[in-house]
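Peer 1: Sequence isn't available, so here's the structure alone:
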């Protein structure tokens, strides 16, 4: 019988107690109806064409991998799936979330979001899910 070399402190915690939901569509558009505009933040070919040769500068500083990452591949299908399921979570959505909790259990009225078991609203977020 094989034994694990991991002890309790170094083992990975798998059960976080959080539930994950697959979000439905928030747009009436289909993924194939979206057009993704892919841009290169640094276009060396265009710069060279117009007489601005920077290749020696960034190669001397060993920045080849960095610019390759910046101009790397864009996963268009992933981007499309993300945006058709996005949801803006702002202060209004946070208030609605609190209101729903109080509707389910009226004894929770007047409590803070932390007391309701919700994360406190700190800033506007864009939420989505991609499988």
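Peer 2: Perfect, thanks for sending it. Everything quoted here is computed from the prediction, not taken from an experiment.
Peer 1: And the strands in this structure?
Peer 2: Under the criterion DSSP state E, strands of the chain are mapped to 87-89, 125-127.
Peer 1: closest one to residue 79 among the ones you listed?
Peer 2: The minimum distance between residue 79 and the strands of the chain falls on strand 125-127, with 12.7 Å, by Cβ to Cβ. (Glycine included, C-beta is placed from N, CA and C.)
Peer 1: Report all helices and strands that the closest one contacts.
Peer 2: strand 87-89 (3 or more Cβ pairs under 8 Å, 6 or more residues apart in numbering; DSSP states H and E).
Peer 1: Sheet-wise, list the partners of the strand it packs on with their directions.
Peer 2: Strand 87-89 has its sheet partners listed here by DSSP bridges as strand 125-127 (antiparallel).
Peer 1: so what's residue 32 closest to, chain neighbours aside?
Peer 2: Spatial nearest neighbour of residue 32, chain neighbours left out: residue 80 (7.8 Å); criterion: Cβ to Cβ, 6 or more residues apart in numbering.
Peer 1: per-residue confidence at residue 62?
Peer 2: Predicted confidence (pLDDT) for residue 62: 89.
Peer 1: Let me fix that, I meant to ask about residue 4.
Peer 2: 44.
Peer 1: Number the chain from 51, please
Peer 2: In the new numbering, first residue 51, that becomes residue 54.
Peer 1: How is the chain partitioned into domains?
Peer 2: Annotated domains of the chain cover 76-135, 136-181 [automatic domain parsing].
Peer 1: Mean pLDDT lowest where, among the ones you listed?
Peer 2: domain 76-135 - the lowest mean pLDDT of the domains of the chain, at a mean of 83.
Peer 1: end-to-end on that domain?
Peer 2: 5 Å (Cα to Cα, to the nearest Å).
Peer 1: before we move on, what about stretch 153-160?
Peer 2: Termini of stretch 153-160 sit 12 Å apart (Cα to Cα).
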